[in-house]
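In: Sequence first, predicted model second:
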Amino acid sequence: MNLYQNWFLASRPWSFTMTAISVGVGSALAAIDGPFSWHLFILALTGAVFMHAAANLFNDYYDVKHGVDTVAAATAQYRPHPLVQGLIPARQVFIAASVLLGTAGLIGLYLTFRCGWPVFWIGLAGSLAAVAYTAPPMKYKYVALGEVSVFLMWGPLMVEGAYYVQRHALSARALLISLPFGVLVALVLLANNIRDIEHDRSRHIRTLANILGQRSGMNLYLMFMVAAFTSIPLFIILGVLPVWGIAIFLSLPIAVKLLRQMVRMVPADADAQTAKLDTAFGVLLLIVLVIQGLAG
């Protein structure tokens, strides 16, 4: 692979679908409630993706620095990890992450000027979360707070932030709809941590999974997956989603297949397989909202 491919893979571009869905859901809800600006949508999406890419690079930089990610780690076995493989210099990864985060910050400042101060505070929370995830002194990923952060970032904060950029107001409906998708994104990290229980313990890292143990961790994984799907008929009954929101259950077979596999043996790509579920769920949710907006 050439240098550009290594950098592209280091940013983990496949994970940006989660960000696109969160921003898309918040923006679609805003479009249902009033006028829609493609200019503001593209800026919000670009800023969020840049921040996500920065978070991925910072995460890999500090995981390698702290000896968490090695060539023997499960993560490096099933996906490209240019930093672990020595294909790109660590210092350049840190600089690239800082540039991406700075660019996202500039976009955020422009959106703050255009839309209001809540954009600034949401962006600041996202920036701090991106860096402090594995960076000292907090390193909160290593003290069992990773799932909570991921849920908040890709759920309420990103969806509400995208809604605010369009409407200059917050939305109770956006908050509710953000919850099941945020939960499923958090399950990507939980699946990763269930797989890595022994590896993380050997590195003296505390995650929710290795505190609970594999059996209780799997029970939590199942419980939150069920909660995400159960919320859909509840939202339809409450009028939060239209009746055709039931189409989101087209992603249920993926969930069932995934759960059966996780119960038999946690696969090396447990996080990637869980990401496929939240992508299917999120895309169907987005389609439901776009149809609602077009239907008036």
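Out: That came through fine. Numbering: from 1, shown residues only.
In: got a list of what Glu160 touches?
Out: By Cβ atoms under 8 Å, 6 or more residues apart in numbering, the residues touching Glu160 are 26, 122, 170-171, 174-175, 178. From N, CA and C alone the C-beta is placed, and that goes for glycine too.
In: In helices only, show me the residues you listed.
Out: Of the contacts of Glu160, the ones assigned to helices by DSSP state H are 26, 122, 174-175, 178.
In: most neighbours, which of those residues?
Out: For the ones in helices among the contacts of Glu160, the largest neighbour count, defined by other Cβ atoms under 10 Å, is 30 neighbours, found at Gly26.
In: coming back round to it: make a markdown table out of the contacts of Glu160 and add pLDDT and distance to Glu198.
Out: Compiled in a markdown table, the contacts of Glu160 are given as follows (pLDDT from 0 to 100; distance: Cβ to Cβ, whole Å):
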| residue | pLDDT | distance to Glu198 |
| --- | --- | --- |
| Gly26 | 98 | 38 |
| Ile122 | 96 | 37 |
| Leu170 | 96 | 42 |
| Ser171 | 97 | 43 |
| Ala174 | 97 | 39 |
| Leu175 | 97 | 37 |
| Ser178 | 98 | 33 |
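In: which residues of the stretch 51-200 of the chain fall in helices?
Out: In the stretch 51-200 of the chain, the helices defined using DSSP state H, counting those that start in this stretch lie at 74-78, 90-115, 117-132, 146-152, 158-167, 172-195, 197-202.
In: Return the most buried member of the ones you listed.
Out: Counting by mean count of other Cβ atoms under 10 Å, helix 158-167 has the highest mean neighbour count of these, with a mean of 25.
In: how much does that one deviate in direction from helix 172-195?
Out: Per axes from the mean of the first three to the mean of the last three Cα atoms, to 10 degrees, the angle that helix 158-167 makes with helix 172-195 is 150 degrees.
In: For the remainder of this discussion, apply numbering that starts at 829.
Out: With the count now opening at 829, the last piece we talked about shows up as helix 986-995.
In: for helix 986-995, what is the average pLDDT?
Out: The average pLDDT for helix 986-995 rounds to 98.
In: Next, the angle from it to helix 918-943.
Out: Using the same axes, to 10 degrees: helix 986-995 against helix 918-943 is 40 degrees.
In: Dump helix 986-995 to CSV, keeping only the CA atoms.
Out: C-alpha atoms of helix 986-995 as CSV (Å, rounded to 0.1, in the frame of the first residue of the first chain):
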residue,chain,number,x,y,z
MET,A,986,-24.5,14.6,17.7
VAL,A,987,-28.1,14.3,16.8
GLU,A,988,-29.2,17.3,18.8
GLY,A,989,-26.2,19.3,17.5
ALA,A,990,-27.2,18.6,13.9
TYR,A,991,-30.8,19.5,14.7
TYR,A,992,-29.7,22.7,16.4
VAL,A,993,-27.6,23.8,13.4
GLN,A,994,-30.7,23.8,11.2
ARG,A,995,-33.4,24.9,13.7
